[in-house]
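Here is my input; please provide its structure:
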Amino acid sequence: MVQTYDDQNIFAKILRGEIPSQRVYEDDHVVAFMDVMPQGKGHTLVVPRQPSRNLLDADPATLGPLVRAVQLVSQAAMRAFAADGVTITQFNEAPAGQSVYHLHVHVIPRFDGVPLKPHTGKMEDQAVLAENAEKLRKAIAAHAPS
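Numbering: from 1, shown residues only. A predicted model of the protein is given here:
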């Protein structure tokens, strides 16, 4: 069964500015912002501006800029949070764990011996998100392509 894109999903609303977010990077193709229910310190979402439900229906032209932004955010997250590694995940449809139906990639800084927090639905304190976003914005600005 082919699913259609719903332009009322939360990420579409964030892209349109209808819902506030802690943005850390944006260009003509993507927006990256802090996950409000992070599984770890610095958990960021990278979302293409082009509407697509997930990787399965995305225009291939969307993927190059998306992956470049994921790499940029991942490198910056490693520096900003002195991370030991980074987990990058992307889910397609409910059985695979997708809960928001707009293509997005999770970038989660990882630290030796620190497990990921469960995705409980509990929102992080906005002051913590703002502080982490500022660290990440500075790390991105220091190495962003011109």
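
what's the spacing between stretch 53-68 and its chain's center?
With CA atoms, centre = their mean, to the nearest Å as the basis, stretch 53-68 stands 14 Å off its chain's centre.

oh sorry, the question was meant for stretch 84-100
The chain centre lies 10 Å from the centre of stretch 84-100; the measure is CA atoms, centre = their mean.

Then stretch 12-28?
On CA atoms, centre = their mean, the centre of stretch 12-28 falls 11 Å from that of its chain.

before we move on, what about stretch 119-138?
Averaged C-alpha coordinates place stretch 119-138 at 12 Å from its chain's average position (CA atoms, centre = their mean).

What's the mean pLDDT across it?
Averaged across stretch 119-138, pLDDT comes to 93.

Can you tell me who the residue most central in space within the chain pairs with across the strands?
Centroid check for the chain by CA atoms, centre = their mean gives residue 45 as the closest residue, at 0.7 Å. Residues in a beta bridge with residue 45, per DSSP bridges, are residue 33, residue 106.

Next, the contact list for it, please.
Residues touching residue 45, when contacts are defined by CB atoms under 8 Å, 6 or more residues apart in numbering, comprise 11, 32-35, 104-107. Backbone N, C-alpha and C define where each C-beta goes, glycine included.

Which one of these is nearest to residue 5?
Residue 5 lies nearest to residue 11 out of the contacts of residue 45, by CB to CB, at 10.9 Å.

per-residue pLDDT, the closest one?
Each residue has a pLDDT score; the one for residue 11 is 98.

Next up, phi/psi of it, please.
Listed backbone geometry of residue 11 is phi -70, psi -40, with angles given as degrees, to the nearest 10.

got the contact list for the top helix by length along the chain?
Longest helix of the chain, by residue count under DSSP state H: helix 60-80. Helix 60-80 is touched from outside by 24-25, 27-30, 32, 42, 44, 46, 48, 50, 52, 55, 83, 85-86, 88, 103, 105, 107, 109, 135-136, 138-140, 142-145, with contacts defined as CB under 8 Å, 6+ apart.

For the residues you listed, which PyMOL command selects only the ones that are buried?
Isolation of the buried members of the contacts of helix 60-80 (16 or more other CB atoms under 10 Å) is achieved in PyMOL through the command below:
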select buried, resi 24+25+30+32+42+44+46+48+50+52+55+83+86+103+105+107+109+135+136+139+140
